[in-house]
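> Provided below are the primary sequence and the corresponding predicted coordinates.
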Amino acid sequence: MSDSTTSSTSGYFGDFGGAYVPEVLLPAIEETQKVWDEVKNDDAFWAEYLHYAKIFIGRPSPLYFAENLTKKIGGGKIYVKREDLNHTGAHKINNALGQALLVKRMGKTRIITETGAGQNGVAVATVCAKFGFDCTVYMGEEDIARQRPNVFWMENLGAKVIPVTSGTKTLKDAVNEALRDWITNVNDTHYMIGSALGAAPFPEMVKEFQRIIGREAKSQLRELENNSEILPDKLIACVGGGSNSIGLFADFISDKNVELIGVEAGGDGVETGRHAARFGNETDAKIGIVQGYKSIFLQTPDGQLRETSSISAGLDYAGIGPEHAYLHAIGRVRYTNATDKEAISALKTVMKYEGMIPALESSHAWAEALKQAKTMKKDEILIVNQSGRGDKDIFIVADALADEKWFTFLKKKASVYFGK
């Protein structure tokens, strides 16, 4: 199934990647690598994966022509890859399914994971319920507070959600706690990393499970345009750790005429220092080895991970997947960023003109897509990856929009439950 033009060599993409883990984890890493090597070119494994992708996830996800926005902007044709229509509401389920099938082969009974916005946690809890695994999700206390709806679903799917109270109480700290758990319970536990990062073979493995996004998009565009050779002019996706973007980009990396654009979290603006744009400010971003892999991380002058800021819990990670670091280094992908305000503005525009509610993560991609479409000719094509839906963000968005009706509703609910 794998045919990437930037495939890893011994777990590296250029100078980035590798497996820098404690000695106690080496057997688990080696076991995962062994099973991955066995299945990545195994037709029977991929047939099983595609079977569940169809009947359980609901794939293929549609490629949708955003006709209203295209007309409003008056530039290039805007297509949307609708990963928000997957079971569980985001692209994360693609990887969770694939790794669950690996865990079945390994014979392990327990899965742990980390989550920021909660979409990965919900996806992992879902496959654990489906295939009968014990599930533990580590989530920063700050992220639990702003993504309570997803915590509710994880717990009701049977997962144990453990609040992480150390550090910034966000995604990077959740990853640290998950790694500590794995070290302690390595014999019966698999750490299902949710993004295209971490120690090898996870970056390659997650990319291959997410590759289905771009593979579908390529064939769907050719069918919709009735042209067996056509390619999009631009692909745009948000980039946190990097799984939805590398999934969209993977089948187009060798198509040199297709511009690939990754959109990071600009927070309050890169110039303020309150952001999560690894490629947005060269003084903050440095090569480092953190959480098992070598990549680009936002760091303080003394080498500690910087605090990040984003309205989106899924994009505020201080590091980035090693293949993204490599693609940036060779200039194959252009990375830009969108501020919190730009993401909210894009969200409002997409809702108003297309009737879709993208997640805040996806809204960052939309902010750039709307800018890019204005610069394009009418016969040029842009595909934006709507990596998730915005149901989970209702509290954050209502707060950002200062929606008084929503606040009144919450006050009434509070008075019913708490007598206040």
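Yep, that arrived.
> Show me the strands in the stretch 151-300 of the chain, by range?
Remark: strands assigned in the stretch 151-300 of the chain by DSSP state E, counting those that start in this stretch are 160-164, 189-191, 234-238, 259-267, 285-290, 293-298.
> and the helix or strand of the chain with the lowest mean pLDDT, which residues are buried?
Ranked by mean pLDDT, DSSP states H and E, the weakest helix or strand in the chain is helix 404-418, scoring a mean of 89. Across helix 404-418, burial judged by 16 or more other C-beta atoms under 10 Å covers no residue at all. Quick note: C-beta positions are derived from backbone N, CA and C, even for glycine.
> With stretch 334-342 instead?
334-340, 342.
> try stretch 186-196
Neighbour count says stretch 186-196 has 186, 189-196 buried, by 16+ other C-beta under 10 Å.
> so who does Leu370 touch?
Counting by C-beta atoms under 8 Å, 6 or more residues apart in numbering, Leu370 makes contact with 69, 73, 346, 349.
> typo on my end, Glu38
Counted by C-beta under 8 Å, 6+ apart, Glu38 has contacts Arg105.
> Could you check how far it is from Phe45?
Relative to Phe45, Glu38 is positioned 8 Å away (C-beta to C-beta, to the nearest Å).
> Met376 too?
Distance of Met376 to Phe45, given as C-beta to C-beta: 40 Å.
> just Ile289 next, same as before
31 Å.
> Looking at those two now, which is surrounded by more residues?
Phe45 (18 against 11; other C-beta atoms under 10 Å).
> Tell me the one of the buried residues of stretch 334-342 nearest Pro62?
Nearest to Pro62, judged by C-beta to C-beta, of the buried residues of stretch 334-342 is Ala338 at 24.2 Å.
> Kindly calculate the angle that the helix or strand hosting the closest one makes with strand 259-267.
Assigned by DSSP states H and E, Ala338 belongs to strand 333-339. Using axes from the mean of the first three to the mean of the last three C-alpha atoms, to 10 degrees, the inter-axis angle of strand 333-339 relative to strand 259-267 is 30 degrees.
> Now do strand 333-339: which elements does it pack against?
Packing partners of strand 333-339 (3 or more C-beta pairs under 8 Å, 6 or more residues apart in numbering; DSSP states H and E): strand 259-267, helix 322-329, helix 360-374.
> next structured bit after that strand?
helix 340-354.
> what is the rounded mean pLDDT of that next one?
The average pLDDT within helix 340-354 is 98.
> returning to what we had before: Serialize the buried residues of stretch 334-342 to a markdown table and add fields for distance to Arg222.
Shown next, in a markdown table, are the buried residues of stretch 334-342 (distance: C-beta to C-beta, whole Å):
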| residue | distance to Arg222 |
| --- | --- |
| Arg334 | 24 |
| Tyr335 | 27 |
| Thr336 | 27 |
| Asn337 | 31 |
| Ala338 | 29 |
| Thr339 | 35 |
| Asp340 | 36 |
| Glu342 | 32 |
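> so which pair among those is furthest apart in space?
Across the buried residues of stretch 334-342 (C-beta to C-beta), the longest gap, 21.3 Å, separates Arg334 and Asp340.
> ok, back up a step: now, the most widely separated pair of the contacts of Leu370?
Every pair of these checked by C-beta to C-beta; the farthest is Ile73 and Ala346, at 12.1 Å.
> Settle it for me: which of these two has more neighbours?
Using other C-beta under 10 Å as the criterion, Ile73 and Ala346 rank with Ala346 on top: 24 against 20.
> Could you check how far the more buried one is from Asp302?
36 Å.
> so Phe56 touches Gly98, yeah?
No: look at Phe56 against Gly98 with C-beta atoms under 8 Å: they stay out of range, at 11.9 Å.
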